[in-house]
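Asks: Quick one, structure for this:
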Amino acid sequence: MLFLVSDIFGRTPALEAIGRQLSENVPDIGIIDPYQGVDLQFETEAHAYKHFMDRVGLKNYQSILTDYLTPSAPDRVLIGFSVGASAIWGISGRPPFRHIKKAFCFYGSQIRNETGIHPLSDMEFIFPKQESHFDVDDLIGRLSAKSRVTCTKADGLHGFMNELSSYFDPVCYDKYIRYLKTSLKLQELSAS
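Replies: So this is what the prediction gives:
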């Protein structure tokens, strides 16, 4: 099973569209979001960020994510975006994460605050070409030194996979949708 772990916008038609595009390789796709599946239709990213920070927060989002990762459902693949990627990273050293086959984490900027984690499953980070609050190359260097972790840097900026983001980049989006389709197909083949 594949779970998409949303950013601060939560479950949106844009995120559901990613799920539909990936469903040809993985028929069983779920969405984990901080708002219990309700599309809050935020007017701006700033509004979405404030709502997330005031009403949920990263630690609570990690708890929501942990609740989905029961040992009775092994071999899950996670794809997280922004705060969803950071939530994945935040629990990646905990026992429930042992049952994760692989996690793909897109531009999880809060990861920089928890670099002491040692993940129990394979993780792949796709960072933007730059971030305004920290040095992406430095973080990539620190994470790449860990076992089970690989890092790459995309040509886009933070939010390039989300049509609702001011930094949405259709070229990067298409590139990484193709990449995920190929990677998920390889995950499927390696399970056979």
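
Asks: Kindly state the pLDDT recorded for residue 158?
Replies: For residue 158, the pLDDT comes out at 96.

Asks: One more: residue 154?
Replies: 97.

Asks: just checking, it touches residue 128?
Replies: Yes. Contact criterion Cβ atoms under 8 Å: residue 154 and residue 128 qualify, at 5.9 Å. Placement of C-beta: from N, CA and C, glycine included.

Asks: what's the overlap in contacts for the two?
Replies: 107, 160 (Cβ atoms under 8 Å, 6 or more residues apart in numbering).

Asks: For the most centrally placed residue in the chain, what are phi and psi?
Replies: Closest residue to the average C-alpha location of the chain: residue 80 at 1.1 Å, with Cα atoms, centre = their mean. Residue 80 adopts backbone torsions of phi -110, psi 150, taken as degrees, to the nearest 10.

Asks: Check the one 10 residues further on too.
Replies: Listed backbone geometry of residue 90 is phi -60, psi -30, with angles given as degrees, to the nearest 10.

Asks: Could you do residue 22 as well?
Replies: phi -90, psi -10.

Asks: Could I get the full set of strands for this structure?
Replies: For the chain, the strands defined by DSSP state E occupy 2-5, 29-32, 76-81, 100-106, 122-127, 149-153.

Asks: Turn those strands into JSON lines, including distance to residue 169.
Replies: JSON lines is the format used below for the strands of the chain (distance: least, Cβ to Cβ, whole Å):
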{"stretch": "strand 2-5", "distance to residue 169": "18"}
{"stretch": "strand 29-32", "distance to residue 169": "22"}
{"stretch": "strand 76-81", "distance to residue 169": "13"}
{"stretch": "strand 100-106", "distance to residue 169": "12"}
{"stretch": "strand 122-127", "distance to residue 169": "12"}
{"stretch": "strand 149-153", "distance to residue 169": "13"}
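
Asks: right, so of those, which gets closest to residue 39?
Replies: strand 29-32 (10.7 Å; Cβ to Cβ).
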